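Asker: A structural model of the following input is requested.
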Amino acid sequence: MSFRVAVVEDDSLTRLAICSALASRGIQVVFDAASASEARDHSIRNYFDVAVLDLHLGIGPTGLDLARAFRRINPSVGIVFLTSFDDPRLLDANLPTLPGGAQYLTKSSITSIDTLMSAVHLAHSGKGKTASPGAKTELGKLTSTQVETLRYLAEGLSNAEIAKKRFVTERSVEVAISRIAKALGLSPDATRNQRVHMAKVYFRSSGGNTL
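Answerer: Residues are numbered from 1 along each chain as shown. Just a heads-up that it's a prediction; the model follows:
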């Protein structure tokens, strides 16, 4: 079955690799773009069945914003999110639910073109279940508020600074960090810096990205 795909990825080498891989399997890439604004311009002039979108497109609209815009134009368009983030809440703790039937792939999980093709076909068929990213990751047991607190910690903020960001007391932050550490299986070991290990979990889950 032949269908048309749009690719939106801000990293030029990654975008080229995705387009080349799809073309090698006979998939027509109707356009590729590096930003949401560029993609919106193309989408007005081109019809496509599936959009492969980087979730994090730098400053400005996210891939999720773009997906919602595409769905308003064509409710049946398939969506594949391709990202470095194991859990989309690392991009935004209050990120809305992914569109129905959307597939979610971390770039590190793509070991062959077959992985990407499977996601594209599921998105196109409309029969694939909406992805549940983050559920089976290290951060899967954390609430969105805890993920946000972990992000602040990884960025190097003190408890006092986190408290100001979240409009709570320092004591509340201390309790929150203790609960996060417990959820992540990090025991209060005096021989290691717990905050450093928590930050490592965050950066590992974000693929080394900083927000």
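
Asker: what does the average pLDDT come to for stretch 162-171?
Answerer: The average pLDDT for stretch 162-171 rounds to 93.

Asker: with stretch 70-81 instead?
Answerer: Throughout stretch 70-81, pLDDT has a mean value of 93.

Asker: where does pLDDT dip in the chain?
Answerer: Applying pLDDT under 70 to the chain picks out residues 1, 91-96, 127-137, 188-192, 207-211.

Asker: middle-most residue in it, spatially?
Answerer: The centre of the chain sits closest to Pro88, judged by CA atoms, centre = their mean, with a distance of 4.0 Å.

Asker: if I look at that one, how far off is Val168?
Answerer: From Pro88 over to Val168 the distance is 24 Å, taken as CB to CB, to the nearest Å. Quick note: C-beta positions are derived from backbone N, CA and C, even for glycine.

Asker: now do the domain split for the chain, please.
Answerer: Here the domain parsing of the chain from automatic domain parsing is 4-125, 144-205.

Asker: and the strand or helix carrying Lys165, what does it pack onto?
Answerer: For Lys165, the element it lies in under DSSP states H and E is helix 159-166. On a contact count with 3 or more CB pairs under 8 Å, 6 or more residues apart in numbering; DSSP states H and E, helix 159-166 meets helix 144-154, helix 170-183.

Asker: how far does the last one sit from the chain's center?
Answerer: The reference is to helix 170-183. 25 Å (CA atoms, centre = their mean, to the nearest Å).
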